[in-house]
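S.K.: A predicted structure for the sequence below; I have some questions about it.
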Amino acid sequence: MTKDKLMLYTFAALAVLAAITAAVWWPISCKDWSLGLTLIVNCIIAVAVAVILDYILALVMKERGPVNTMSAAVFGMIVALSYSLGIPAMAMVEVLPLAAPEAFMHVAIISAVGLIVFKKLQGLFGRKYVNPAAAAKLLVLLPLLYQVLIPSDHVSYIPTMAASLDYNTPLSYGTPFASHIMYCFGNPSEIAAEATPSKIFEIMFLTKYHGWPGGASSLAVIIVGIALFIIARRYIKWRITLCYLLTTAVMSLVMTGVYGGDALLRLMFHLFVGSSIFLAFFMATDPATTPLTHRGQSIFGVGLGVLTVLIQTYMNFLGGSILALIIMNLTSPILDKVGLQKPSEEKIEKKLPKSKVFEKVKTYQCMRCGACMVICVQNLSPILIKEAFDKGRTEDLKKLRADLCSGCGNCTFVCPARIDLRNFTLRAKAALR
């Protein structure tokens, strides 16, 4: 597996989700534009801006920022699929950025800022500290706080989720939470007379018509996401997704215990709102901004779930998972050191993936997938050893037991970025003599 191939698989998965959402949304008109067509144009704009800027910056930065076309394309798709579209049927104010053609400009700006600032420039620091798409979206849309991130309707008519949420009890704006979900996410041309459990499940799990296009169908995200996890299981941090979803479910039940109401209704919202389910599979697992170790990934997922529910409950930010993700991203350097395997003086047999000969080998910056740490026969942490060696940190090399490296080369074999980790680790070992 190479980084380009991993990005190709991810791009294909995102393209499938975009196609499904566009097909379902096509009959829906929003400001005289087909919602499905708006999504397709958004995807084209976001990907084109990202890929073109990636190429231009590569010419300027040269070896410090080489061309990374597939990674840029994946980034562009995530920007487009995480940009909310569709004006809810109950909207009381104009929310221009949620429809074409205004949405096109915002998507282009987010893609440009994310690629330049949070992918290329952030990469110069040796690692990416925050998810580029999430950080760029928050930065660009912050001036539009009450039009996009927290629509005016939410401020005026949804004071808080810290209340009993059910199908019958009106909240402070006079509508039960279930009815709000139906009017917000349901098909605006086919609004049912009554919000029933089966109708809400159909909306939240099968098809939503407002919010993140990538999470319009929770079922599609789960199927496509799991398929991608199976194909690239060695390199995708699926533990984050699992722990996030489980923690979100538990936190939803806790909130129901505190405030009462229908447990399943609150659970469906927190799990299947578009931002939550899409982020769980395609943003929270970004290898560059998440922990290296399995234990660190589990803690990351738990923290992400807790923060998401708390933010959505108490901050009136119903897409709070994106803010929670950035907060947890900043903990990754600490979590990288949690759960490191204990170095072994004896070789431990490890199963290698099937080999494939490549005519050309292109080296990229480390993806921080952590695959090298799992495959080492001495349970070493090759990427951490390389980083310590590059910075001349002798004490860190001793703690990481670089002296135990047997030179088996497993780390280099599995590295999708094609970094010669074996060479770096052996050089670190020699430096300790």
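M.R.: Thanks, I have the structure now.
S.K.: can you tell me which residues contact the residue nearest the centre of the chain?
M.R.: Centroid-nearest residue in the chain: residue 283, 0.6 Å away (criterion: C-alpha atoms, centre = their mean). Applying C-beta atoms under 8 Å, 6 or more residues apart in numbering to residue 283 gives the contacts 78, 82, 131, 133, 134, 322, 325. No exception for glycine: its C-beta is placed from N, CA and C like everyone else's.
S.K.: Of those residues, which is the most crowded?
M.R.: residue 133 (32 neighbours; other C-beta atoms under 10 Å).
S.K.: show me what contacts it?
M.R.: Per C-beta under 8 Å, 6+ apart, neighbours of residue 133: 75, 78, 79, 82, 110, 114, 118, 283.
S.K.: Please, which helix or strand holds it?
M.R.: helix 132-141 (DSSP states H and E).
S.K.: Now residue 30. Its backbone dihedrals?
M.R.: phi -140, psi 110 (degrees, to the nearest 10).
S.K.: Specify the beta-bridge partners of it.
M.R.: Assessed by DSSP bridges, residue 30 has beta-bridge partners residue 33.
S.K.: okay, now it: neighbour count?
M.R.: Residue 30: 20 neighbours (other C-beta under 10 Å).
S.K.: Residue 170 now?
M.R.: For residue 170, using other C-beta under 10 Å, the count is 10.
S.K.: Residue for residue, what is the longest helix this protein has?
M.R.: Determined from DSSP state H, the single longest helix within the chain is helix 35-61.
S.K.: Can you mark which positions in that one are buried?
M.R.: Residues 35-36, 38-43, 45-47, 49-51, 53-54, 57-58 are the ones in helix 35-61 that count as buried (16 or more other C-beta atoms under 10 Å).
S.K.: Could you give the number of residues near residue 357?
M.R.: 4.
S.K.: Pretty sure residue 327 sits against residue 307.
M.R.: Yes: if you go by C-beta atoms under 8 Å, residue 327 and residue 307 touch, sitting 6.0 Å apart.
S.K.: Compare those two (neighbour count), which wins?
M.R.: residue 307 (20 against 14).
S.K.: doesn't residue 326 make contact with the more buried one?
M.R.: No: using C-beta under 8 Å, residue 307 is not in contact with residue 326; the gap is 9.9 Å.
S.K.: Assign the nearest residue to residue 348 once chain neighbours are set aside to helix, strand or coil.
M.R.: Spatial nearest neighbour of residue 348, excluding adjacent residues (C-beta to C-beta, 6 or more residues apart in numbering): residue 377 at 5.3 Å. Classification of residue 377 by DSSP: H, G, I helix; E, B strand; the rest coil places it in coil.
S.K.: Check the contact between residue 377 and residue 347; I expect there is one.
M.R.: Yes: judged on C-beta under 8 Å, residue 377 makes contact with residue 347 at a distance of 4.5 Å.
S.K.: Of the two, which one has the most company?
M.R.: residue 377 (18 against 13).
S.K.: so who does that one touch?
M.R.: 347, 348, 349, 350, 406, 408, 410.
S.K.: picking up where we left off before, quick one: which of the contacts of residue 283 is nearest residue 168?
M.R.: residue 322 (31.3 Å; C-beta to C-beta).
S.K.: Wait, the closest one touches residue 279, no?
M.R.: Yes: shown here, residue 322 and residue 279 form a contact pair, counting by C-beta under 8 Å, at 6.7 Å.
S.K.: Okay, buried residues for the helix or strand harbouring residue 298 please.
M.R.: Using DSSP H and E, residue 298 maps to helix 294-314. Buried residues in helix 294-314, defined by neighbour count with 16+ other C-beta under 10 Å: 294, 296-309, 311-313.
S.K.: same thing with stretch 396-406?
M.R.: Applying 16+ other C-beta under 10 Å to stretch 396-406 flags 396, 397, 400, 401, 402, 403, 404, 405, 406 as buried.
S.K.: my read: residue 394 touches residue 431, true?
M.R.: Yes: with contact defined as C-beta under 8 Å, residue 394 counts as touching residue 431 (7.2 Å).
S.K.: Now for these two: what residues contact both?
M.R.: Counting by C-beta under 8 Å, 6+ apart, nothing touches both residue 394 and residue 431.
S.K.: Helices of the stretch 101-250 of the chain, start to end?
M.R.: 102-113, 122-123, 132-141, 152-157, 177-185, 197-201, 218-231, 238-259 (DSSP state H, counting those that start in this stretch).
S.K.: surely residue 273 meets residue 319?
M.R.: Yes: counting by C-beta under 8 Å, residue 273 sits close enough to residue 319 to count as a contact (7.3 Å).
S.K.: I'd like the average pLDDT over stretch 218-228.
M.R.: Mean pLDDT, computed over stretch 218-228, is 98.
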